[in-house]
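Colleague: Here's my sequence, what's the structure:
(2 chains)
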Amino acid sequence: MEPVISREPVISVTNLSKTYQNGARALDDVSLKVQPGEIFCLLGPNGAGKTTLVRILATQLLPSAGKVSVLGQDAIAHPELIREDMAIVPQEGRPGQDLNAWDYVYWYLRARGMVAREAAARTEATLKEMGLWEIRRTMTAKLSGGLRRRVLIAMAVATGAKLLFLDEPTVGLDPEARVATWDLIARLRKQATVVLTTHLMDEVEALADRIGILAQGRLVAMGTARELSRFVPSKTKVVLGEGLELPWLAARGEVAVRGRQVAVYPFDEAATREIIDRASSNGVSFAVAAVGLEDVYLRVVKEHGEVVAS
Amino acid sequence: MKRTLRQLWAVTMLFGIEWFRRWPIIIGLAIFPVAIYLVFFLFGGESVGKQVMYGMLIAGSITTGITSLAQCVVFTKSLRIQEMFVTSPISPLTYAFGIALSRLLPGLISTVLFMSVMLAVGYIEPAKVVVTLLLVEVSDILGAMLGFLVATYFPNPQHIGGLAAMLGFLLTMVPPVLYPLDVLPPTWQYAMGILPPTHAAHLLRAFNGVSENAALPVWVSALALLFFFVTSVYLVARRSRWREV
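Modeller: Residues are numbered from 1 along each chain as shown, chains lettered A, B, ... in the order given. Below is the predicted model of the structure:
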């Protein structure tokens, strides 16, 4: 007989709300579940409530209402029961000046209660895996912003925690470092469930098993990238330069003006052909592209009243 | 218990290593009181110099405790490293005491250097070194806890240094720390008893036989210092909460 594999969610949030003492409502009736081994990405504009949600889940902040279960425990009533199995890389967190990568990772593990030998072994393994071994004795003040960020990620990863919260982990990293960090996060899936917040669509596309989009404190969409694509009426879009009348375009598809470009999501194939023909005959530059997560995101967020920079 | 001690030591090391590496600060902290002593010795003679030297032990420890810890707490928070400790098995109290120790240990080196000077000039008897050091460390911990409390009430990194320095100045310049208790009228001696450094300095001088014809009994100072110590531990325990509301 096949063993029954438990798929009890690692995180279960029900009707979660958070209003800060100054009256600002950061989360409004959010409910979601995160399954074991998932990389769950939280997307949303600035101030949408991503960090607030992560901080509540990571037992750093109390909610105003709702239920939060993490790793099978009540995270509001008994945070001490789950902190052993969690680690976080905070948004904009940065190591101080006169310590090196080894100091940070090793002493952080020891502070979490790990014995010296295990802490040293894990520190070595993690620093090697994250490409920090060669610079382990260099003071963090002398490292680039990207490497400093990687030191913080190494601290969290080395814990071997079952649940990792990465709050905008690749902000400020150059493309090469960003991709290296993605590889690492993708590998983490084997050992942990990861909750990741980001603004970067390519990061989400590269990593996410499922995505939650927050806007004005509400979870307005959730699912896989494929499931979320239903929020956009077509599978392709036509991106045009300036020159065609917007009412004429709006009669043939959904129009989104983004700076000096216009993206049109045509209602059908005939409309697509019409738009391309007219653009060609008027000498307007155009490109046909598949609809991506960014299109979904912009549409969903716009629908829920957020001002989004194009 | 073993695990808690291990965690305490780790936090101490994590936030203390950088201070051990900043050895010029440690030496500077030791030289400063000697310089102050020399000034008073030159203008006031040996009896004044001796009073000031004992006073500097208390003043230095309290000021260092307040300023360094307040800054450390606020900057650890503003660098957001603290969040990594909240989402971890460590307790807030262990973290708070670890941070306090991370500042006390480097400070202890300065104190030992300074006390070596006092020993060399014969101001402290070798037999009294341990208890003297203990009293200085109690003042240091008191200062550190005050610094922690200041940081929790005024968590602005731009102002914390100035606020802590002001508090340190008030607590060491106003009460009879750098001057003997008996220069004040008896009523004022008791009034100054509301400030912990008064008792620390009074005890230190009494223990080392530096003459003070004070109205405030030594046992009252001992009890008062114990009261301030326990109260500040209690307040730190109350304020050191991990989870924000």
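Colleague: Let me know how buried the residue of the stretch 201-310 of chain A found nearest chain B is, in neighbour terms.
Modeller: Residue of the stretch 201-310 of chain A nearest chain B, by CB to the nearest CB: A:Gly217 (17.3 Å). No exception for glycine: its C-beta is placed from N, CA and C like everyone else's. By the criterion of other CB atoms under 10 Å in any protein chain shown, A:Gly217 has 24 neighbours.
Colleague: Surely it is in contact with A:Thr19?
Modeller: No: A:Gly217 lies out of contact with A:Thr19 (CB atoms under 8 Å); the separation is 9.3 Å.
Colleague: Common neighbours of these two, please.
Modeller: A:Arg25, A:Ala26 (CB atoms under 8 Å, 6 or more residues apart in numbering or on different chains).
Colleague: quick one: the lowest-mean-pLDDT helix or strand in chain B to chain centroid distance?
Modeller: The helix or strand of chain B with the lowest confidence, counting by mean pLDDT, DSSP states H and E, is helix B:23-78 at a mean of 80. Averaging C-alpha positions (CA atoms, centre = their mean, to the nearest Å) puts helix B:23-78 10 Å from its chain's average.
Colleague: now stretch A:90-109
Modeller: Worked out by CA atoms, centre = their mean, stretch A:90-109 lies 22 Å from the chain centre.
Colleague: Also stretch B:146-159?
Modeller: Worked out by CA atoms, centre = their mean, stretch B:146-159 lies 16 Å from the chain centre.
Colleague: For that stretch, buried residues please.
Modeller: Using 16 or more other CB atoms under 10 Å in any protein chain shown as the test for burial, stretch B:146-159 gives B:Leu146, B:Gly147, B:Phe148, B:Leu149, B:Val150, B:Ala151, B:Thr152, B:Phe154.
Colleague: Then stretch A:120-127?
Modeller: A:Ala120, A:Arg122, A:Thr123, A:Glu124, A:Thr126, A:Leu127.
Colleague: on that earlier part again, and the pLDDT at the residue of the stretch 201-310 of chain A closest to chain B?
Modeller: You'll see A:Gly217 listed with a pLDDT of 92.
Colleague: what do you get for B:Ala96?
Modeller: Reading off the model, B:Ala96 has pLDDT 79.
Colleague: Just give the nearest non-adjacent residue to it, would you?
Modeller: Leaving aside its sequence neighbours, B:Ala96 sits nearest to B:Ser240 (CB to CB, 6 or more residues apart in numbering or on different chains; 4.4 Å).
Colleague: Can you list phi and psi of B:Glu244 for me?
Modeller: Dihedral angles of B:Glu244 (phi, psi; degrees, to the nearest 10) stand at phi -80, psi 150.
Colleague: okay, now residue 233: neighbour count?
Modeller: The chain I'm using is chain A. Neighbours of A:Pro233 (other CB under 10 Å): 14.
Colleague: right idea, wrong chain: chain B
Modeller: 15.
Colleague: Please confirm that it is located within a helix.
Modeller: Yes: counting by DSSP: H, G, I helix; E, B strand; the rest coil, B:Val233 is located in a helix.
Colleague: give the contact list for B:Asn14.
Modeller: In this structure residue B:14 is Leu, not Asn. Contacts of B:Leu14 by CB under 8 Å, 6+ apart are A:Leu99, A:Asp103, A:Tyr104, A:Trp107, A:Tyr108, A:Ala111, B:Gly98, B:Ser102.
Colleague: How much space separates it from B:Ala96?
Modeller: When distance is defined by CB to CB, to the nearest Å, B:Leu14 is 14 Å away from B:Ala96.
Colleague: go on, A:Thr159?
Modeller: Where B:Ala96 is concerned, A:Thr159 sits at a distance of 21 Å (CB to CB).
Colleague: again with A:Glu274
Modeller: To B:Ala96, A:Glu274 is 69 Å away according to CB to CB.
Colleague: quick one, which of these two is more surrounded?
Modeller: Under the criterion of other CB under 10 Å, the comparison of A:Glu274 against B:Ala96 puts B:Ala96 first, with 22 against 17.
Colleague: what residues does chain B put near chain A?
Modeller: Contact residues, chain B versus chain A (CB under 8 Å from any CB of the partner chain): B:3, B:6-7, B:9-11, B:13-14, B:17-18, B:21-22, B:75, B:79-81, B:83-90, B:95, B:98, B:242-245.
Colleague: Make a PyMOL selection of the buried ones in those residues.
Modeller: Command for PyMOL that selects the buried part of the residues of chain B next to chain A, burial taken from 16+ other CB under 10 Å:
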select buried, chain B and resi 6+7+9+10+11+13+14+17+18+75+79+80+81+83+84+85+86+87+88+89+90+95+98+242
